[in-house]
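Novice: Kindly return the folded structure for what I paste below:
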Amino acid sequence: MTPDAIRARFPALSAHTFLNAASEGPMPGEAVRSAENLARLKSTPWEIGMEYYYQVPAAVRARLTALIGAPQGSVGLVGGTSAGIGIAARGLPVAEGDEILLLEGQFPSNIHPWGAAVRRGARVRVAPRPLGADPTDAVLAALSPRTRIVSVDWVSFIDGAVCDLGALGSLLRARDIRFVVDGAQGVGALRLDWPAAGIDVLAAPSHKWLLGPVGCGFLAVAPERLDAIQDWNSGWVNLAMAGGFRNLLQGDGAPPPDATRFETGSPAYALLAPWGASLDLLAEIGAEAIEQRVTALAGRTLDGVLALAPAHGGRRGLVLVSPPPGARRSGIVAFRAQGEETIALYRSLTAARITVALREGSIRAAPHLYNTEDEIDALLAACRSFLA
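Specialist: Sure, this is the predicted structure:
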């Protein structure tokens, strides 16, 4: 699919330069229409069939399973990244004194839930990582004989640094260390090789690079970890899928054999149906083409930021916060204005109808597959104008 054809699926973007997929990804037109249809159906509930309880969630699980290359039955639908990480933090076995290793600067969704493991006797240790540095090296340098779980952000929400999941996963498996990944800023933008990554639990939300509505997400669990995390059933719809709504009291409550055991209550079909339409579009384009497009646009942004670096001894210019050229690329490029001008630059970009994010003292640009080279150039031109 050509860039122009992709862009045509997002007609609302024509009036704005939106470079903020790391915060909120826009839904394509077909997903918007699906959401509108679901809202209408709630006014005529006799039209809501059981397919919304069964087939719609199943289709979303299938798309996500294919997207990340995970084994069948690995994906469960949850409320978001925090919910998925929380399931891992509450369920992965730990003993008194076991260590959970995190990275400095991780998103709170991959920090706070680990309090559940601390309350069971484990302790959290944080590996230092200066912004722009390689997160993989930081984790490897911080491993200790007490490390039982490593939980990292695949892509840093601050500077876009990328963990080498394959390098980490193979080493952690060899040491029998559990590997948990917050995929919020990677899934939907970068390709994931599940077998090579050796991940035990991955969690990600719907509303960023996966272009869905806010309020849902997924976790993927290696099949051999299912019983270790949760050997009981916490929902009822996942049992009704086997026995039917007319025989709810006849089941024995045994957990489903797959990751649907982590799903609780009625499925959020009003969110899942439009998300499914977005996932269909991503599948139509293909993960390899998406990654190439995203990293090319991010590379154009990074090159432009470096070109606006302050001259030797100069007092105005842009300072790159993200990893330098040659590092693994994500869809995120972070930079600051020299001196105390970062917030003023952010306000100037906002006034010019260019949407970026301000995170931890840096401006964060996050182009996705729907963006164009002209939009990257417009961002850079606006920065150049501000610095003039």
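Novice: And the helix or strand Arg173 falls within, what does it pack against?
Specialist: Counting by DSSP states H and E, the element that carries Arg173 is helix 165-174. Using 3 or more Cβ pairs under 8 Å, 6 or more residues apart in numbering; DSSP states H and E, the elements in contact with helix 165-174 are helix 135-142, strand 147-153, strand 178-182, helix 194-197. All C-beta atoms are positioned from the backbone trio N, CA, C, and that covers glycine.
Novice: Restrict the worst-scoring helix or strand of the chain on mean pLDDT to CA atoms and write it as CSV.
Specialist: The helix or strand with the lowest mean pLDDT-type score in the chain, counting by mean pLDDT, DSSP states H and E, is helix 237-243 (a mean of 76). As requested, C-alpha coordinates have been extracted for helix 237-243 and formatted as CSV (Å, rounded to 0.1, in the frame of the first residue of the first chain):
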residue,chain,number,x,y,z
VAL,A,237,-17.4,-15.3,29.8
ASN,A,238,-14.4,-17.4,29.0
LEU,A,239,-16.2,-20.3,30.5
ALA,A,240,-19.5,-19.4,28.8
MET,A,241,-17.6,-19.7,25.5
ALA,A,242,-17.3,-23.4,26.2
GLY,A,243,-20.6,-24.1,27.9
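Novice: next structured bit after it?
Specialist: Moving toward the C-terminus from helix 237-243, the first helix or strand encountered (DSSP H and E) is helix 269-285.
Novice: the helices in the protein, which residues?
Specialist: 3-8, 29-41, 55-68, 81-91, 115-118, 135-142, 165-174, 194-197, 226-229, 237-243, 269-285, 287-307, 342-351, 373-387 (DSSP state H).
Novice: Alpha carbons only: can I get the fifth one in CSV?
Specialist: In other words, helix 115-118. What follows is helix 115-118, C-alpha atoms only, in CSV (Å, rounded to 0.1, in the frame of the first residue of the first chain):
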residue,chain,number,x,y,z
GLY,A,115,4.7,-3.4,44.3
ALA,A,116,2.6,-6.6,44.3
ALA,A,117,5.7,-8.7,44.1
VAL,A,118,7.4,-6.6,46.8
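Novice: Remind me what that helix packs against, helices and strands.
Specialist: Where contact means 3+ Cβ pairs under 8 Å, 6+ apart, helix 115-118 is packed against helix 81-91.
Novice: give me the number of residues near Asp137?
Specialist: The local packing of Asp137 (other Cβ atoms under 10 Å) involves 14 other residues.
Novice: ok, now Pro108?
Specialist: Using other Cβ under 10 Å, Pro108 has 10 neighbouring residues.
Novice: do you know how far Val181 is from Leu226?
Specialist: To Leu226, Val181 is 17 Å away according to Cβ to Cβ, to the nearest Å.
Novice: okay, the two: which has more neighbours?
Specialist: When Val181 is set against Leu226 and neighbours are counted by other Cβ under 10 Å, the residue ahead is Val181, at 30 against 21.
Novice: Contact partners for the nearest residue to the more buried one once chain neighbours are set aside?
Specialist: Across the structure, with Cβ to Cβ, 6 or more residues apart in numbering as the measure, the residue nearest Val181 apart from its sequence neighbours is Leu202 (4.7 Å). Under the criterion of Cβ atoms under 8 Å, 6 or more residues apart in numbering, the contact list for Leu202 reads Ile68, Ala70, Gly84, Val180, Val181, Gly183, Val187, Leu192, Leu219, Ala220.
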